[in-house]
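Enquirer: A structural model of the following input is requested.
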Amino acid sequence: MTPLAEILRPKTLDEYIGQQHLIGPGAVLRTLIESGNIPSMIFWGPPGIGKTTLAMIISNTLHRPFHTLSAISSGVKEVREVINAAQEEEGAILFIDEIHRFNKAQQDSLLGAVERGTITLIGATTENPSFEVISALLSRCQVYVLREFDEEDMRKLINSAVNYYATQGRRIDILESDALMRISGGDARKLLNALELVVNKSKTADVVVDNKNTTEVIQQSLAFYDKQGEMHYDIISAFIKSMRGSDPNGAVYWLARMIEGGEDPLFIARRMLIFASEDIGNANPNALLLANATFDAVSKIGYPECRINLSQCACYLACSAKSNATYMALENATSMIRRTGDLPVPLHIRNAPTKLMKQLGYHEGYKYAHDFANNALGGFTEQEYLPQGLEGTRFYEPGNTPRENETRNSLRQRWGGKYGY
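Expert: Residues are numbered from 1 along each chain as shown. Alright, predicted model coming up:
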């Protein structure tokens, strides 16, 4: 039986719901599609928001041959078979779902065909392509960020389902949709799957949907862990939030759920590696060392033994002091750059490898910190390191942890007058 989500999959841009920043009237991607001249591209966004559907619509709209591969089940052999077939076609599109799961060799196998224009690549990923797609391939693709559906989009999907059921002789009365919205979390596929479960549970032609019967019908159906999508991001979110909240019990529970569900152990280890800097930072620098060692151990060992390494690291991170100060320092600096642009580097801290640069004043007046090693502050002398106009701007604010308080006192001794520590 064809799932409701597949039945309702839109066939044209006008039927497509959501992503109006990309495919609305005059939007960048719609303009490219209408011109018939599309680049290779990568769609980045959470599951169930129409990445595959949009790729299929592009192919249908442009009347291009369409090939699709899943990075979970395909490798270099399958890629080469598609490329060989595409050489006999005009303007073939290759859609690769979960392209972040391709390793370097598999991604390398795409480069020549993309560069020659043998294929137009459309990749879909739920992971940041900057980290998961090799730079050579990424440089040949335009990245488009797809957003979760908002409430208005979700209501349109529900109405589409109601109208479809009406053509099948069934009357669906949506009294309440809060539970459907909550369960779906912006995922269209999850929304339609949940609604289909509720409708199929009823044996009558007329079905009343409210929060109570929605919750009763689907709570068991969605209680499992699905590493392909559905609950994948709910579980990893619970895992991260448990560690951030310093609860090792919650962290190890959600870790076990992922392990039992067959999650990629490197995905878990990578998330902990990010967490060690984002949520712990300099409150406990050893967290990053342990997380990195765990990632290395998982890479070498694999399941089932590496679950022990994962548990050790998760419990350590959960019990560690927390600080997002270094992460926020970067956010603050980035925000300032976006407001002020690329300000020039002060002359005294520029490099001066040539005579002309020295004549222009590069490096002139620079104070070499090690020349002040014997002063009370040990190798410190005050000078300006920020561009003109940003003097005295403080981006880094140490957190209130023992280690960071030591850092604050050290900064106060050195920079208290300038930055106000």
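
Enquirer: what about the residue nearest to residue 27 when sequence neighbours are not counted, neighbour count?
Expert: Once flanking residues are discounted, residue 27 sits nearest to residue 21: 6.1 Å by CB to CB, 6 or more residues apart in numbering. For the C-beta atoms, the positions are set from N, CA and C on the backbone; glycine is no exception. Applying other CB atoms under 10 Å, we find 13 residues neighbouring residue 21.

Enquirer: ok, now residue 36?
Expert: If you count neighbours by other CB under 10 Å, residue 36 ends up with 11.

Enquirer: How about residue 79?
Expert: Count around residue 79 with other CB under 10 Å applied: 23.

Enquirer: Helix or strand: which one has it?
Expert: Assigned by DSSP states H and E, residue 79 belongs to helix 76-86.

Enquirer: related to what we said a few turns ago, which SSE is the residue nearest to residue 27 in?
Expert: Per DSSP H and E, residue 21 falls inside helix 20-23.

Enquirer: on that earlier part again, just checking, the residue nearest to residue 27 touches residue 147?
Expert: Yes - assessed by CB atoms under 8 Å, residue 21 is found in contact with residue 147 at 7.3 Å.

Enquirer: who's in contact with the worst-scoring helix or strand of the chain on mean pLDDT?
Expert: Least confident element among the helices and strands of the chain, by mean pLDDT, DSSP states H and E: helix 211-221 (a mean of 76). Contacts with helix 211-221, where a contact means CB atoms under 8 Å, 6 or more residues apart in numbering, come from 176, 178-180, 183, 194, 197-198, 201.

Enquirer: Likewise for stretch 14-26?
Expert: Residues from elsewhere that reach stretch 14-26, judged by CB under 8 Å, 6+ apart: 10, 13, 27-30, 33, 49-50, 53-54, 57, 144, 146-147, 149-150, 153, 156-157, 160, 188.

Enquirer: what comes up buried for it?
Expert: 16-19, 22-23 (16 or more other CB atoms under 10 Å).

Enquirer: how much space is there between residue 309 and residue 97?
Expert: If you measure residue 309 against residue 97 using CB to CB, to the nearest Å, the figure is 30 Å.

Enquirer: In the stretch 51-200 of the chain, where is pLDDT below threshold?
Expert: Along the stretch 51-200 of the chain, no part satisfies pLDDT under 70.

Enquirer: can you map out the helices along the stretch 151-300 of the chain?
Expert: 151-167, 178-184, 188-201, 211-221, 232-244, 248-260, 265-275, 286-301 (DSSP state H, counting those that start in this stretch).

Enquirer: buried sites along the second one?
Expert: By that I understand helix 178-184. Quick answer for helix 178-184 (16+ other CB under 10 Å): 179-181, 183-184.

Enquirer: Of all the helices of the stretch 151-300 of the chain, which one comes closest to residue 406?
Expert: Closest to residue 406 of these is helix 286-301 (CB to CB; 14.9 Å).

Enquirer: Distance of residue 76 relative to residue 32?
Expert: In this view, residue 76 and residue 32 are 29 Å apart by CB to CB.

Enquirer: Next: residue 130.
Expert: Counting by CB to CB - residue 130 and residue 32 are separated by 22 Å.

Enquirer: ok, now which ones touch residue 38?
Expert: Applying CB under 8 Å, 6+ apart, the residues contacting residue 38 are 32, 58, 62, 120.

Enquirer: any idea how far residue 345 is from it?
Expert: Residue 38 is 39 Å from residue 345, by CB to CB.

Enquirer: what's the answer for residue 381, then?
Expert: Taking CB to CB as the measure, residue 381 and residue 345 are separated by 19 Å.

Enquirer: now residue 278
Expert: On the measure of CB to CB, residue 278 and residue 345 end up 28 Å apart.

Enquirer: Likewise for residue 158?
Expert: 55 Å.

Enquirer: These two: which is more packed in?
Expert: residue 158 (20 against 13).

Enquirer: Residues in contact with stretch 368-380: which ones?
Expert: Contacts of stretch 368-380 (CB under 8 Å, 6+ apart): 381, 413-414.

Enquirer: C-alpha coordinates for the host helix or strand of residue 112, CSV please?
Expert: In the assignment (DSSP H and E), residue 112 maps to helix 104-116. Once non-C-alpha atoms are left out, helix 104-116 reads as follows in CSV (Å, rounded to 0.1, in the frame of the first residue of the first chain):
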residue,chain,number,x,y,z
LYS,A,104,36.1,10.6,0.5
ALA,A,105,36.8,8.0,-2.2
GLN,A,106,33.1,7.9,-3.1
GLN,A,107,32.8,11.7,-3.2
ASP,A,108,36.0,11.9,-5.3
SER,A,109,34.4,9.6,-7.9
LEU,A,110,31.8,12.3,-8.6
LEU,A,111,34.3,15.2,-9.3
GLY,A,112,35.2,14.6,-12.9
ALA,A,113,31.6,14.1,-14.0
VAL,A,114,30.4,17.2,-12.2
GLU,A,115,33.3,19.3,-13.5
ARG,A,116,32.7,18.2,-17.1
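
Enquirer: Kindly export the helix or strand that comes right after it (C-alpha atoms) in CSV.
Expert: For helix 104-116, the following helix or strand on the C-terminal side (DSSP H and E) is strand 120-125. Taking Å, rounded to 0.1, in the frame of the first residue of the first chain, the C-alpha atoms of strand 120-125 are listed here in CSV:
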residue,chain,number,x,y,z
THR,A,120,24.3,17.8,-12.6
LEU,A,121,24.6,16.7,-9.1
ILE,A,122,21.9,17.3,-6.5
GLY,A,123,22.9,16.1,-3.0
ALA,A,124,20.7,16.0,0.0
THR,A,125,22.2,16.1,3.5
